[in-house]
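In: build me a model:
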Amino acid sequence: MAEFGPTIADAYAFEGEWLDLGRGVHEGKVVGEAAVRLPLATSNRHGLIAGATGTGKTRTLQLLAEQLSAAGVPIAAADMKGDLSGVSQPGEPDGPAEKRAAELGVHPTSWIRGIAEA
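Out: Here you go, the predicted structure:
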């Protein structure tokens with residue numbers, strides 16, 4: 001399906017600011033042009049990230065928290081197991097996260113404006 005990338009990109013094209021959620025996957029391969037985005041204006045609601053072990057829930061929450069913080073939106077996240085406590089620290093260079101970001105064509109930030117541990 002050659003039109004997968006443009007179809008997904010068009011479906012998630014919005015005017016104004018947006019959050020980058022990642023790239024679409026077609027037939028097991030990441031399609032760089034298939035950007036999946038969420039309008040920032042609609043992120044004023046509650047959210048739920050659910051999935052099986054190892055599916056990227058923590059990384060997804062980190063990605064959203066970084067982008068919302070960069071946009072000046074206050075963040076509150078319940079972190080019962082301490083998985084998010086390292087989000088304020090930059091990741092290791094040349095690690096798996098950097099390789100995955102290059103594969104996806106995204107440029108993640110390695111900071112957050114503020115983090116409070118309860």
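
In: quick one: the helices in this structure?
Out: With DSSP state H, the ranges of helices along the chain come out as 4-11, 57-70, 96-104.

In: which stretch among the ones you listed comes nearest His26?
Out: His26 sits nearest to helix 4-11 of all the helices of the chain, at 4.5 Å, using Cβ to Cβ. In short, each C-beta sits where N, CA and C put it, glycine included.

In: other SSEs contacting the closest one?
Out: Here helix 4-11 is seen to pack against strand 18-26, strand 29-39 when contacts are counted using 3 or more Cβ pairs under 8 Å, 6 or more residues apart in numbering; DSSP states H and E.

In: and among the ones you listed, the most buried is which?
Out: strand 18-26 (a mean of 18; mean count of other Cβ atoms under 10 Å).

In: mind giving me the packing neighbours of that one?
Out: Using 3+ Cβ pairs under 8 Å, 6+ apart, strand 18-26 sits against helix 4-11, strand 29-39, helix 57-70.

In: where among these is the average confidence lowest?
Out: Mean pLDDT is lowest for helix 57-70 out of the helices and strands packed on strand 18-26, coming in at a mean of 85.

In: buried ones in it?
Out: Thr58, Arg59, Leu61, Gln62, Leu63, Leu64, Ala65, Glu66, Gln67, Leu68, Ser69 (16 or more other Cβ atoms under 10 Å).

In: quick one: the last one from Ala76, how far?
Out: The span separating Ser69 from Ala76 equals 11 Å under the rule Cβ to Cβ, to the nearest Å.

In: please apply the same query to the first one.
Out: For Thr58, the distance to Ala76 under the criterion Cβ to Cβ works out to 16 Å.

In: likewise the fifth one?
Out: Taking Cβ to Cβ as the criterion, Leu63 is separated from Ala76 by 16 Å.

In: check Asp83 too.
Out: Taking Cβ to Cβ, one finds Asp83 at 15 Å from Ala76.

In: more neighbours, those two?
Out: Asp83 (14 against 7; other Cβ atoms under 10 Å).

In: dump stretch 15-29 to CSV, restricted to CA.
Out: Written as CSV, here are the backbone C-alpha positions of stretch 15-29 (Å, rounded to 0.1, in the frame of the first residue of the first chain):
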residue,chain,number,x,y,z
GLU,A,15,-3.3,23.6,12.1
GLY,A,16,-1.7,25.0,15.2
GLU,A,17,0.5,23.2,17.7
TRP,A,18,0.5,19.4,18.1
LEU,A,19,2.1,16.6,20.0
ASP,A,20,4.1,14.0,18.0
LEU,A,21,3.0,10.5,19.0
GLY,A,22,5.3,8.7,16.6
ARG,A,23,5.1,7.1,13.1
GLY,A,24,2.7,4.5,11.6
VAL,A,25,3.8,1.0,11.0
HIS,A,26,2.7,-0.9,7.9
GLU,A,27,3.4,-4.5,7.3
GLY,A,28,5.9,-4.6,10.2
LYS,A,29,7.9,-1.6,8.9
